[in-house]
Every structure is written in C-alpha cells, then in structure tokens.
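J.: one predicted model, sequence on top.
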Amino acid sequence: MAAEVRPRLTVLSGPSGVGKSTVVAHMRKVHPEVWLSVSATTRKPRPGERDGVQYFFVSDDEFDKLVANGELLEWAEFAGNRYGTPRQAVLDRLRAGEPVLLEIDLQGARQVKESLPDSRLVFLAPPSWEELVRRLTGRGTESAEVIERRLEAAKVELAAESEFDTTLVNTSVEDVARELLALVAVA
Ligand code: ADP
Ligand code: 5GP
C-alpha cells in the first residue's frame, strides 16, 4: 500500500516582539516558495505594511461578516484588535498537498489544533524576558500602553509553551529560520 502523503500545516506562535515576522521573512527571502497564510485584522497598518501583503486590513463590520459567513479557520482578539485566518486559501493549499504556515497567536493555535489535529505547533521563545521587552520596545511601532498590553499577553503565552510540539529559541534569526524551514517543509 502506498504511504499516505499528509500535507503539513505548521503554526508558528510566540509572544509579540519575539521575532516571528522577522524569522518568517528571512526564511521566505531564502525560500520564497514557502506559502504563508495572510490573516485578516482590524488593526491599523504600521508604516510600510500593505493591504494583502502583511495582512488584509479590514473594518470591524467586515471582520464581523467574515466570522458570520464562516470564512475564518480560526480567529481571536489580541491586545485590542481581532485577527483571523481565511479558511479557503489554507484548505486549498492543503488539498493540493502543499505545506502551509500560519503565524498566529496562542488562542488561534489552540483552535487550529482542535480542528486540524495533525497540525504541528511551533513556539518561538525569546532568549530571556528582558530581551523580549527590549525587542518589543525597540521595534518602536506601539505606544507604551499597547506594549504593556502585549507584555501582559506574553506572560500568558510563555506559560503555555508546553502545549506546543516544538520550541525554537530566537537567538539567531538565521538559525531559527533554518530550523523552521525543516519543520515546515519535511512531511
Ligand atoms: P513579532 O513578529 O514576533 O511580533 P518582530 O519580527 O516584529 O516580532 O521582531 C520584533 C523586533 O525584534 C524587531 O525590531 C526585530 O528586528 C527584532 N528581532 C527579531 N529577531 C531578533 C533576533 N534574533 N535578535 C535580535 N533582534 C531580533
Ligand atoms: P501584530 O499586531 O503584532 O501583527 O500581531 C499581534 C498578534 O496577532 C501576534 O501574536 C500574531 O501572531 C497574531 N496574529 C496574526 N494573525 C493572526 C490570525 O490570523 N489569527 C490569530 N489568532 N492571531 C493572529
């Protein structure tokens, strides 16, 4: 009997500021063929972010409609904004046998594991709490109040690390990008 080929869905999570976007961007610069789901969000774009590239930036009403129409595979509220994964694009890729990468928060990771139990959950951890604070603050994209909310969420996320299948510590972007590629690409 031929071995069943299971397309893999990999979920990358970790506290805000740990370096998820940086690691994924580095990996995709080297391997542009790795497909990353583009989420919908009610958050306002940061300077340089473009609609349809980093996110689909939508209004509250539009997000309500995506939820009501069952168009999201998962969604969550994070630090005052809503974020969700468009379902169809992910399912199309999986059906075509292509690996799928989601970069989403802890609540979303739990929902994906529930609906697609074969998914692999990868936790990106900071080298230390102090370094996480330094990175989040140093990015300079959020107000002090938003940074505070994100650090509160980070405590909850760090406490949930054992729910993940694998932990990668983001000390070197190059090393972690290589490790992540191996997890995403190997069936
Ligand atoms: P996330 O997507 O997890 O919120 P970002 O990718 O935006 O985090 O990274 C947050 C900040 O940390 C950015 O300023 C980024 O340049 C920096 N950063 C990311 N990875 C590293 C690393 N390995 N060492 C030092 N700084 C890093
Ligand atoms: P940011 O505002 O920094 O881009 O993202 C904030 C948090 O939302 C990050 O932890 C990021 O992984 C998460 N996030 C991004 N897209 C999604 C999504 O589609 N679903 C969920 N649940 N979280 C998401």
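T.: Ah, there it is. In this text, all values refer to a predicted model and were calculated from it rather than measured experimentally. Residues are numbered from 1 along each chain as shown. Ligands and ions are numbered 1, 2, ... in the order given.
J.: with just CA atoms, put whichever strand or helix holds Leu136 into CSV.
T.: Assigned by DSSP states H and E, Leu136 belongs to helix 129-139. The C-alpha trace of helix 129-139 is given here as CSV (Å, rounded to 0.1, in the frame of the first residue of the first chain):
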residue,chain,number,x,y,z
TRP,A,129,12.2,38.1,29.4
GLU,A,130,14.5,41.2,29.3
GLU,A,131,15.4,40.6,25.7
LEU,A,132,11.7,40.2,24.8
VAL,A,133,10.9,43.6,26.4
ARG,A,134,13.9,45.1,24.6
ARG,A,135,12.8,43.8,21.2
LEU,A,136,9.1,44.8,21.6
THR,A,137,10.1,48.3,22.9
GLY,A,138,12.9,48.7,20.4
ARG,A,139,10.6,47.9,17.4
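J.: show me the contact partners of that helix.
T.: With CB atoms under 8 Å, 6 or more residues apart in numbering as the test, helix 129-139 has contacts from Pro15, Ser16, Gly17, Val18, Gly19, Pro126, Glu142, Ile147, Arg150, Leu151, Ala154, Leu158. All C-beta spots, glycine's among them, are computed from the backbone N, C-alpha and C.
J.: only the buried subset of those residues, as a PyMOL command please.
T.: To isolate the buried members of the contacts of helix 129-139 in PyMOL, using 16 or more other CB atoms under 10 Å:
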select buried, resi 15+16+17+18+19+126+142+147+150+151+154+158
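J.: what parts of the protein come near ligand 2?
T.: Within the chain, the residues that sit near ligand 2 (CB under 6 Å from any ligand atom) are 16, 20, 39, 43, 74-76, 78, 83-85, 103-105, 107-108.
J.: got the CA coordinates for the helix or strand that contains Glu157 in PDB?
T.: Element membership for Glu157, per DSSP H and E: helix 144-159. C-alpha atoms of helix 144-159 as PDB (Å, rounded to 0.1, in the frame of the first residue of the first chain):
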ATOM      1  CA  ALA A 144       3.600  52.400  25.900                       C
ATOM      2  CA  GLU A 145       0.000  51.400  26.700                       C
ATOM      3  CA  VAL A 146      -0.100  48.800  23.800                       C
ATOM      4  CA  ILE A 147       3.300  47.500  24.700                       C
ATOM      5  CA  GLU A 148       2.000  46.900  28.300                       C
ATOM      6  CA  ARG A 149      -1.000  45.000  26.900                       C
ATOM      7  CA  ARG A 150       1.200  42.900  24.700                       C
ATOM      8  CA  LEU A 151       3.600  42.100  27.600                       C
ATOM      9  CA  GLU A 152       0.600  41.000  29.700                       C
ATOM     10  CA  ALA A 153      -0.400  38.700  26.900                       C
ATOM     11  CA  ALA A 154       3.200  37.500  26.600                       C
ATOM     12  CA  LYS A 155       3.100  36.200  30.200                       C
ATOM     13  CA  VAL A 156       0.100  34.000  29.300                       C
ATOM     14  CA  GLU A 157       1.700  32.800  26.100                       C
ATOM     15  CA  LEU A 158       5.100  31.900  27.700                       C
ATOM     16  CA  ALA A 159       3.200  29.900  30.400                       C
END
